[in-house]
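here's my sequence, what's the structure:
(chains A and B)
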Amino acid sequence: MNGRTSRSRIGRREFLARMGLIAGGAAVAPGVLAACGGGGGGGDDDGRAVSISNWTAYIDPALNRKFTRMTGIKVTYTEDINDNNEYFAKIRPNLSKNRSIGRDGFVLTDWMASRLINEVRWVQPLVEARIPNKTNLRAALRSPGFDRERTYSLPWQSGVTGIAYNIEVTGREIRTVEDFLEVEGTKTVLTEMRDTIGLIMASLDIEPEKPTFAKAEPAFDFLERAVRDGKIDGFNGNEYVSDLGAGNLAAAFAWSGDVAQITRDNPAVRFAIPESGGMLWSDNFMIPKTSERPALASEWINFFYDPVNAARLTAEVQFISPVEGVPEELTKLGGEKAELVDNPLVVPTEEFLAQNHIFGPLVGKEEERFDRRFSEILGTG
Amino acid sequence: MLERDPEGRKQARVAPWLLLAPGMLWLFLFYFFPLWTLLRMSLSSRPSRFADPVFSWEWSNYSDAFSRYGAQFSRSFLYAALATVAALLIAYPLAYVIAFRGGAWKNVLLGLCVVPFFTNYLIRTLAWRTILGDQAPVVETLRSLGVLAPDGRLLRTPLAVVGGLTYNFLPFMILPIYVALEKIDPRLVDAARDLYSNTWRAFRKVVFPLSLPGVFAGSLLVFIPAAGDFVNSYYLGSAKTTMIGNVVQDQFLVQLDYPVAAALSFVFMAIVMAVVITYARLLGTEDLV
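Take a look at the predicted model:
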């Protein structure tokens, strides 16, 4: 999930409460947090159980039960990820000291996956032998910059960041970032830096695929001016969902899956990929380096790479599946689920995907400069 | 071990210490120890972004905290002061009516003040997003009355943030003032009237001074958490209304700069303490309690 909370339809409230605890705890008592790490002990295959962390409302719970029936592996599934940064702060005290976090797998967005794989190295390789379904991974997602061979990660779901708008408020279609700024009414962008800056970079003909701070500076300046001039009224996570539907927001930078769900109930809400392109992202399953059950965790992700199970997952969460063969399986499911095949936000065409960019990796000081500049514009830096 | 008090009664010398021990232990574990850790963190430096901070007497964290975030500090204390005054103006008449005119309904009325606060703090704040939304009846009414411009709005303004702070901390003002008013002997007001005081003068010379301990306690209970709050600014404000709590949150979770976040927290505590001491001196709390 590309957003701070984009998966969390109900998790936003909890997110801030937890954030306060984590922020304080991470600073004042890392030892206390470390002691909370819990289980994860026992050799691989011992006890035949895995513990997984994921975003809120990002699975069909029946699929975990099916997995247990088929493999005998018990799943402890916890929806405790509401934000990439928050989760990083939560696992940091233990993983930085090579201690268990009580999890055998978690799902984090591309850029955070890059940090975990290439910078802090807190994840271990997936057990390939237990993932025969890996061959079903869509070609477009097989070789991302942060994990060329998909040694450490496999996508869980993907999505696109674009512009959502309520046509009853805007009174016109939005096709570009410039259109977005010009329409009447309240407009917001995302607190997720890569999405907001990525969309603006693309609109300024700057490649988000190869970001450097120097190249991105015009995008930051553009955003700063828009905020100062009142053309952008605020920053949010997925709170835009209810505001767009109610007409309290005219337009917002938004995540495709969220909008796919609103548009069913409210046809006035529309989603546009700007002519300059949207931002394509994936959330990735990884195994923490301290897990002692990498083989069982690999079996778990393998289960979701079976197109039958992947289609059921897509029908539930309505994001883009990374698994080949999902449209065919959705058609077999019939009814409303089969209709999803015609929704480009859920089953995108190659043409639709080709319009989009993937924000390139940022590391070390460069990432710090991006984050600081963005925080300055948010008013917190 | 026993010893005798001045009247010759036997007293256990250890009993007071035993009674104090749980509280002291609690304070040590959950206040002094974290405070000490926070202080060390605030004087640490980071070898790299993801490395654990190292204690190095890094005083520049404090100068950074002052120089870079002055606007957010001032905004926090300004919003908190406005929210405190607004809460006082709303709470005092309310508490007065309940205490002196509530009769048999006192408990029900007090309950009504508190019941909304059984709902989660974040849910209440998010509800205000709906109430203050651009298409909400409140905004439309104000627009039709000419109070707001046709394209005027309430959400994402300083007014919304101060309003949210006031609403969320209102019970902390009502309850102490009510308790202080409730303790006032009504015969004192009767006595003032017997001495030819009118109602307003009796209030000014008798009731209000006697209720000052409640006003003092309520003001602190509203001001301190309001100044450190980040939820109202995040949900009801904009990039132009960020408070110091938002900066600390960002430093901890996004920038991963724990030393600067700790320094900001310390500076914030120091300012709050100075404000409280000044306020106590002005109000002369030794005469109030």
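
near chain B at all, the longest strand along chain A?
The single longest strand within chain A, with elements called by DSSP state E, is strand A:154-166. No: using Cβ under 8 Å from any Cβ of the partner chain, strand A:154-166 never reaches chain B; the gap is at least 9.7 Å. From N, CA and C alone the C-beta is placed, and that goes for glycine too.

in stretch A:157-172, what counts as buried?
The neighbour-count criterion (16 or more other Cβ atoms under 10 Å in any protein chain shown) identifies A:157-167, A:169-170 as the buried residues of stretch A:157-172.

now do stretch A:108-125
Using 16+ other Cβ under 10 Å as the test for burial, stretch A:108-125 gives A:108-117, A:119-120, A:122-125.

and stretch B:51-62, by the same measure?
B:53, B:58, B:61, B:62.

in strands, which of those fall?
Here DSSP E is the test, and the buried residues of stretch B:51-62 give no hits in strands at all.

so which of those is the closest to chain A?
Nearest to chain A out of the buried residues of stretch B:51-62 is residue B:53 (Cβ to the nearest Cβ; 9.1 Å).

ok, and the closest non-adjacent residue to the closest one?
Nearest residue to residue B:53, sequence neighbours excluded (Cβ to Cβ, 6 or more residues apart in numbering or on different chains): residue B:44, at 3.7 Å.

what's the neighbour count on the one you found?
Residue B:44 has 20 neighbouring residues, counting by other Cβ atoms under 10 Å in any protein chain shown.

now do the contacts for it.
Residue B:44 makes contact with B:53, B:54, B:55, B:56, B:58, B:61, B:258, B:259, B:262 under the criterion Cβ atoms under 8 Å, 6 or more residues apart in numbering or on different chains.

let's see it at 6 Å
Neighbour list for residue B:44: B:53, B:54, B:55, B:58, B:259 [criterion: Cβ atoms under 6 Å, 6 or more residues apart in numbering or on different chains].

what's the answer for residue A:137, then?
Each residue near residue A:137 by Cβ under 6 Å, 6+ apart is listed here: residue A:322.

cutoff 7 Å now
By Cβ atoms under 7 Å, 6 or more residues apart in numbering or on different chains, the contact set of residue A:137 is A:150, A:154, A:305, A:322, A:323.

now residue A:151
By Cβ under 7 Å, 6+ apart, the contact list for residue A:151 reads A:125, A:126.

that one: what secondary structure?
Under DSSP: H, G, I helix; E, B strand; the rest coil, residue A:151 falls in the coil class.

which is the next helix or strand following the strand or helix carrying residue A:90?
Assigned by DSSP states H and E, residue A:90 belongs to helix A:84-95. Later in the chain than helix A:84-95, the nearest helix or strand by DSSP H and E is strand A:105-109.

show me what counts as buried in the helix or strand residue B:270 falls within.
Assignment of secondary structure by DSSP H and E places residue B:270 within helix B:258-283. Residues B:258-268, B:272, B:275-276 are the ones in helix B:258-283 that count as buried (16+ other Cβ under 10 Å).

and what of stretch A:352-364?
For stretch A:352-364, a neighbour-count test (16+ other Cβ under 10 Å) marks A:352, A:353, A:355, A:356, A:357, A:358, A:359, A:360, A:361, A:362 as buried.

sitting in helices, which of those do you find?
The helices, defined by DSSP state H, take in A:352, A:353 from the buried residues of stretch A:352-364.

of the buried residues of stretch A:352-364, closest to chain B?
Distance to chain B across those (Cβ to the nearest Cβ) is lowest for residue A:362, with 11.4 Å.

okay but that closest one is in contact with residue A:368, surely?
No: at 8.9 Å, residue A:362 does not count as touching residue A:368 under the criterion of Cβ atoms under 7 Å.

picking up where we left off before, now tabulate the buried residues of helix B:258-283 in TSV and tack on pLDDT and distance to residue A:73.
Converted to TSV, these look like this (pLDDT from 0 to 100; distance: Cβ to Cβ, whole Å):
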residue	pLDDT	distance to residue A:73
B:258	92	38
B:259	95	43
B:260	94	44
B:261	95	40
B:262	96	42
B:263	96	47
B:264	95	46
B:265	95	44
B:266	92	48
B:267	93	51
B:268	94	48
B:272	94	52
B:275	92	57
B:276	90	57
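
near chain A, which of those show up?
Filtering the buried residues of helix B:258-283 for neighbours of chain A using Cβ under 7 Å from any Cβ of the partner chain leaves B:258, B:261, B:262.

near chain A, which residues of chain B show up?
B:34, B:37-38, B:41, B:49-50, B:52, B:120, B:122-123, B:126, B:133-135, B:153, B:156, B:231, B:238-240, B:242, B:246-247, B:249-250, B:252-255, B:258, B:261-262.

PyMOL command for the buried members of the residues you listed?
To isolate the buried members of those in PyMOL, using 16+ other Cβ under 10 Å:
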select buried, chain B and resi 34+37+38+41+49+122+126+133+134+135+153+156+231+238+239+240+242+246+247+249+250+252+253+254+255+258+261+262
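
quick one: contacts for the residue nearest the centre of chain B?
By Cα atoms, centre = their mean, chain B has its centre lying nearest to residue B:222, at 2.7 Å. Counting by Cβ under 7 Å, 6+ apart, residue B:222 makes contact with B:83, B:84, B:87, B:169, B:172, B:173.

avg pLDDT for the host helix or strand of the last one?
Read it as residue B:173. Assigned by DSSP H and E, residue B:173 belongs to helix B:158-182. Helix B:158-182 carries an average pLDDT of 96.

give the buried residues for the helix or strand just after that helix.
Once the chain leaves helix B:158-182, the next helix or strand it forms, by DSSP H and E, is helix B:186-194. For helix B:186-194, the neighbour count (16+ other Cβ under 10 Å) marks B:189, B:192 as buried.

who touches whichever helix or strand comes after helix B:186-194?
Next helix or strand after helix B:186-194 toward the C-terminus (DSSP H and E): helix B:199-202. The contact list for helix B:199-202 (Cβ under 7 Å, 6+ apart) reads B:189, B:192, B:193.

tally of neighbours for residue 217?
In the absence of a named chain, chain A is used. Here the count is done by other Cβ under 10 Å, and residue A:217 has 13 residues near it.

try chain B instead
If you count neighbours by other Cβ under 10 Å, residue B:217 ends up with 20.

could you check the angle the helix or strand it falls within makes with helix B:186-194?
Residue B:217 belongs to helix B:208-228 when assigned by DSSP H and E. Here the directions of helix B:208-228 and helix B:186-194 differ by 120 degrees (axes from the mean of the first three to the mean of the last three Cα atoms, to 10 degrees).

buried residues in the helix or strand just after helix B:208-228?
Following helix B:208-228 in sequence order, the next helix or strand is helix B:231-236 (DSSP H and E). Within helix B:231-236, the residues scored as buried using 16+ other Cβ under 10 Å are B:231, B:232, B:233, B:234, B:235, B:236.

next one: stretch A:187-204
Those would be A:187-203, for stretch A:187-204 by 16+ other Cβ under 10 Å.

among those residues, which lie within helices?
Those of those lying in helices (DSSP H): A:193, A:194, A:195, A:196, A:197, A:198, A:199, A:200, A:201, A:202, A:203.

now these as a markdown table including pLDDT and distance to chain B?
Below are those laid out as a markdown table (pLDDT from 0 to 100; distance: Cβ to the nearest Cβ, whole Å):
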| residue | pLDDT | distance to chain B |
| --- | --- | --- |
| A:193 | 94 | 8 |
| A:194 | 95 | 12 |
| A:195 | 94 | 14 |
| A:196 | 97 | 12 |
| A:197 | 97 | 14 |
| A:198 | 97 | 17 |
| A:199 | 97 | 17 |
| A:200 | 98 | 15 |
| A:201 | 98 | 19 |
| A:202 | 97 | 22 |
| A:203 | 97 | 20 |
